[in-house]
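Engineer: Build me a structure from this.
(4 chains)
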There are 2 protein chains.
Amino acid sequence: MTIKSPKAALVPAAPHKGKTKLHSGIARSIGERILAGEFSPGSILPNEAEWCQIYSASRTAVREAIKLLTAKGFITSRAKIGSRVEPRARWNLLDREVLEWHRSASDRIAFLATTQEARRLIEPGIAALAASKRSQAHIERLVAAVEGMRTAKLGKPLVMADLEFHEALLAAAGNELLAPFGAVIASALFQLFDYTTPRNPRFPAALKMHEDIVRAIIAGDPGEARKRMQRLLEDTDQIIHKTSGGKH
Amino acid sequence: MTIKSPKAALVPAAPHKGKTKLHSGIARSIGERILAGEFSPGSILPNEAEWCQIYSASRTAVREAIKLLTAKGFITSRAKIGSRVEPRARWNLLDREVLEWHRSASDRIAFLATTQEARRLIEPGIAALAASKRSQAHIERLVAAVEGMRTAKLGKPLVMADLEFHEALLAAAGNELLAPFGAVIASALFQLFDYTTPRNPRFPAALKMHEDIVRAIIAGDPGEARKRMQRLLEDTDQIIHKTSGGKH
DNA sequence: GGACTTTTAATTGTCATACAATTCTTGACA
DNA sequence: TGTCAAGAATTGTATGACAATTAAAAGTCC
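Structural biologist: Predicted coordinates for the structure are as follows:
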C-alpha cells in the first residue's frame, strides 16, 4: 500500500532570510514540512521531478537536499519507489539544523518545555561525571567560563558566556557520545533569552549557582555536583513559569 | 593558516561488504578516516577532484558523499576553500551510521565502555520519566516487550527483544529529543551480544530485572524505576568485566 | 613603503542531459 | 492459480558546462 501524499502543496514554504545555499534551503523547507506533520512517517514524498517543479530548481539541487534529509534520518530513498518518511524515532532531532527547524515548526512554549525536560534528565549526570573525572584542563576551562559570565555584559554576551559554561561542562564529562546534547543546551539558552531579556534580576543568584557547580567538581564530589545542577535547572524553569504567558 | 592534509592517502579504505550505494560507501570511508584521526578538526580535506581520483568515482557521487558528511556535522564546505573538518563537538555521534563507523574505527572495548557510560547516565532517568508519565499505550508496549523477551530464543532473537524493550521504554519517556539515544542502546546491545553468546547463564536474572522496571513504571514510582534500571545496567557491566579479555 | 582596490584563479554550487540500476507492475504462459 | 518474463517508473551515476564565492596575487594611489 503506497500512501501517496495528497496534493503535495505545489508551493514552497516561505523562503528564509539570509543567503543560504539553494539545496540547504530546500532541505530546510522539506524538513520543516515533515516536522510539521504535512508528510507523515511511512508516506511517500513527491518524486524528484515534482520537487524540481515545486522549488523551480534543478534535479542536482533537489537531490542534494534529499541526501541531506536522508543523512539526518528523515527519509530513505529507493529506486522505483521514491522517498519514504522514516518513523520519528529515526530522526536526528539533536542535530543543530534540525533543532532549528523544529523550533520554527513547533509551539515555542511546548518545545522549550521539552528541551528543558531533556536538560533536567541529562545535565545533572553530566555534572556528576565531570566531578568524578576532574581533569585539570577541563577545570580550568570551567573556571574561565564562570569568570566570563561574571564579566559579560547583560544580553547576548551573557548568553554566550552561559553557553560556554555548559559546553565546558559537557567537555569535562569526557564522554563524546554526549556531545550532541550541546545543541540542545544551546537551543534552550537561546530560547530562554527571550524570557530573561531585557534585564535579568536573578543574575547574581544564577552566577552563584554556576560557581557552586564548579566548586563541587573541583572538590571531586559527584553527588554534590549533581544536586547543584538540579538546583540551577529548577531555578531556570521557575523563570519560565513566572514569565509564561508573556510570549512576545 | 590552511593546514593542508599531507599526502592524503591516495588509496580508498578497504571496500565494505554488502551492496551499498556508491556515494554512501564513499561517505563511510571518509567518515571512518576522519573518526580515525587521519584528518583532524580544522584541517582541509582533499578537494572534490582529488576525491574523484581517489575513489575513481564521478563528481556527482563524491559531492553526494560530502553532502552526507556535511549533514552529519563532520565537515563544512566553502567555495575556493574546500571542505574543512569541524570540531568533534559538532559531529553527530548519535547518528546510527556514525555509530557504526565509530565502532569500526575504534578500539571495541573502549567504545563499548563509552556507550555503557552514556547509558548509565541516561537510561535511569528515562525509566523515571516513563514512570512519571505512565501512559496506557506505552505500558502495554512495555509489557509486550517483556513477554517477547521471555519467549524469545537465545541469540539474536533475544537481542532484538531486548532492544525492543529499551526502545519501548524510550518511547514511554515521552520526550522525542531523547529518541536519538535509541541508536546508542542498539549499538551497545549488539556489541554486548559478542560477550554473552553463545549462551547467557544470567538470563533469568536479567529478565526479572526488566520486569522489575516495568512494575515500577506501572506503579508510577519514578525513584524505584530509576533504581531498578541502575541495577540492570550495573549487572550488564559486570558481564563485560568478567568476560573482558575474551574479545573474539 | 603602506594601505587600499582590482584582478585573477581555485573551488564549490547549480544546471542540463544522458544512461545505468533497481524493482514494482503487468501480462503471458503453463 | 502460480511462475516467470517484459515493461515502466524512479532513483543512482556519469559527464560537461557555467555561475558564484572568495583567498590570494597584482596593481594603484598617496
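Engineer: going forward, measure contacts between C-alpha atoms and count neighbours the same way
Structural biologist: Noted.
Engineer: Name the SS class of A:E38, please.
Structural biologist: Taken by DSSP: H, G, I helix; E, B strand; the rest coil, the conformation at A:E38 corresponds to coil.
Engineer: Let me fix that, I meant to ask about A:L154.
Structural biologist: Following three-state DSSP, the label given to A:L154 is coil.
Engineer: what ranges do the helices span in chain A?
Structural biologist: Counting by DSSP state H, residue ranges of the helices within chain A are A:22-35, A:48-55, A:59-71, A:96-105, A:108-133, A:136-151, A:156-173, A:181-196, A:203-219, A:222-243.
Engineer: Throw those helices into a markdown table and include mean neighbour count and mean pLDDT, thanks.
Structural biologist: Listed next are the helices of chain A as a markdown table, based on neighbours: other CA atoms under 10 Å in any protein chain shown; pLDDT from 0 to 100:
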| stretch | mean neighbour count | mean pLDDT |
| --- | --- | --- |
| helix A:22-35 | 22 | 96 |
| helix A:48-55 | 17 | 96 |
| helix A:59-71 | 23 | 97 |
| helix A:96-105 | 19 | 93 |
| helix A:108-133 | 21 | 96 |
| helix A:136-151 | 18 | 96 |
| helix A:156-173 | 21 | 95 |
| helix A:181-196 | 20 | 90 |
| helix A:203-219 | 19 | 93 |
| helix A:222-243 | 18 | 90 |
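Engineer: and chain A, which residues reach chain B?
Structural biologist: With the criterion set to CA under 8 Å from any CA of the partner chain, chain A comes near chain B through A:64, A:67-72, A:89-95, A:114-115, A:117-118, A:121-122, A:125-126, A:175-180, A:182.
Engineer: Count the neighbours of the residue lying closest to A:E117 once chain neighbours are set aside for me.
Structural biologist: Using CA to CA, 6 or more residues apart in numbering or on different chains and skipping the chain neighbours, the partner closest in space to A:E117 is B:N175 (7.8 Å). Counted with other CA atoms under 10 Å in any protein chain shown, residues neighbouring B:N175 total 17.
Engineer: quick one, what contacts B:N175?
Structural biologist: Shown in contact with B:N175 (CA atoms under 8 Å, 6 or more residues apart in numbering or on different chains): A:T114, A:E117, A:A118.
Engineer: overlap between those and the residues near DNA strand C?
Structural biologist: Contacts with DNA strand C within the contacts of B:N175, counted by CA under 7 Å from any atom of the strand: none were found.
Engineer: and the residue positioned nearest the centre of chain A, how far is that from A:K242?
Structural biologist: The residue at the geometric middle of chain A, judged as the C-alpha nearest the mean C-alpha position with CA atoms, centre = their mean, is A:V184 (3.4 Å). Between A:V184 and A:K242 the distance, using CA to CA, to the nearest Å, works out to 22 Å.
Engineer: cool, A:M209 as well?
Structural biologist: Taken as CA to CA, the spacing of A:M209 relative to A:K242 amounts to 19 Å.
Engineer: got it, and A:L94?
Structural biologist: Taken as CA to CA, the span from A:L94 to A:K242 is 28 Å.
Engineer: returning to that earlier point: mind checking which of the helices of chain A is nearest DNA strand D?
Structural biologist: Nearest to DNA strand D among these is helix A:48-55 (4.1 Å), distances taken as CA to the nearest atom of the strand.
Engineer: how about the residues of chain A near DNA strand C?
Structural biologist: Among all residues of chain A, those adjacent to DNA strand C (criterion: CA under 7 Å from any atom of the strand) are A:2, A:21-23, A:56-61, A:78-81.
Engineer: Among the residues you listed, which pair sits farthest apart?
Structural biologist: Spatially, the most separated pair among those is A:T2 and A:K21, at 32.3 Å (CA to CA).
Engineer: List the residues that contact the nearest residue to A:E167 once chain neighbours are set aside.
Structural biologist: Leaving aside its sequence neighbours, A:E167 sits nearest to A:G182 (CA to CA, 6+ apart; 6.2 Å). If you count contacts by CA under 8 Å, 6+ apart, A:G182 has them with A:H166, A:E167, A:L170, B:A89.
Engineer: what does A:A173 give?
Structural biologist: A:I126, A:A127, A:A128, A:L129, A:A130, A:A131, A:K133.
Engineer: I'd like the distance between the fifth one and chain B.
Structural biologist: Read that as A:A130. 12 Å (CA to the nearest CA, to the nearest Å).
Engineer: contacting residues around that residue?
Structural biologist: Contact partners of A:A130, counting by CA under 8 Å, 6+ apart, are A:L169, A:L170, A:A172, A:A173, A:G174, A:I217, A:P222.
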